[in-house]
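# here's a sequence, model it:
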Amino acid sequence: MPTLPPDALVLSGTLGAGKTAIAEAVSDALALDVPDALLDLDALAQTKPRPAEDPYNDDLVFANLAAIWPNYTARGVRRAVIARVVSDSHRDRYIAALKTQRIAIVRLIAPSELRKQRLRARELDPVWSAYFCRRTDALAQALEHVPVDFVLDNVRAPADVAADVLHLVHWPTCDPPRATP
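The predicted model follows:
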């Protein structure tokens, strides 16, 4: 019996791996017949100061996700495309927040220098840019030990990587527009 496609796709990876860019490309490429929501969960974690026992505000992120997801499903949304670093305990937290067992986690990887190039391009403050560039390699190493469903290189155009992601999770894509004579 074939496995059903997931209800949620979580794109993980270290800083600069391209989680947000690929999530946006996946959402853009999805077929329109099944409503989806694009969620960059870093936005749900933005508070200061952060608690010492939860420096990445994971508790807040999952509480917020559980609180807002019913609003999406009430509007007919059936698939979530999520960008967020995934640690060991997160799969169970996604299952609880989204109330589904069908979750696919894809870790995006890219060479260190490419990640740092991306980080320098997006982080204009040199202090933050330097911090993120220092942090990306350590986080990439830590994430190697986190179980995921798929690992995918993100060194090509976002649309190409998104197509690979959608193929892996068996989600339908939009047909490209046809040229009219």
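
# got the contact list for stretch 40-57?
Residues from elsewhere that reach stretch 40-57, judged by Cβ atoms under 8 Å, 6 or more residues apart in numbering: 19-20, 23, 58-61, 64-65, 68, 82-85. Every C-beta, even on glycine, is put in place using the N, C-alpha and C of the backbone.

# for PyMOL, write a command that selects the buried ones of those.
Buried members of these, defined by 16 or more other Cβ atoms under 10 Å, are picked up in PyMOL with:
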select buried, resi 19+20+23+58+60+61+64+65+82+83+84+85
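
# ok, the contacts of stretch 40-57 vs Ala163, which is closest?
Using Cβ to Cβ, Ala23 is the member of these that sits closest to Ala163, with 13.8 Å.

# mind listing what the closest one touches?
Contacts for Ala23 (Cβ under 8 Å, 6+ apart) come out as Leu11, Leu38, Asp40, Val81, Ile82, Ala83.

# longest strand in this structure, by number of residues?
Longest strand of the chain, by residue count under DSSP state E: strand 103-109.

# now for that strand, which elements pack on it?
With contacts taken as 3 or more Cβ pairs under 8 Å, 6 or more residues apart in numbering; DSSP states H and E, strand 103-109 sits against strand 8-12, helix 90-98, strand 150-153, helix 158-169.
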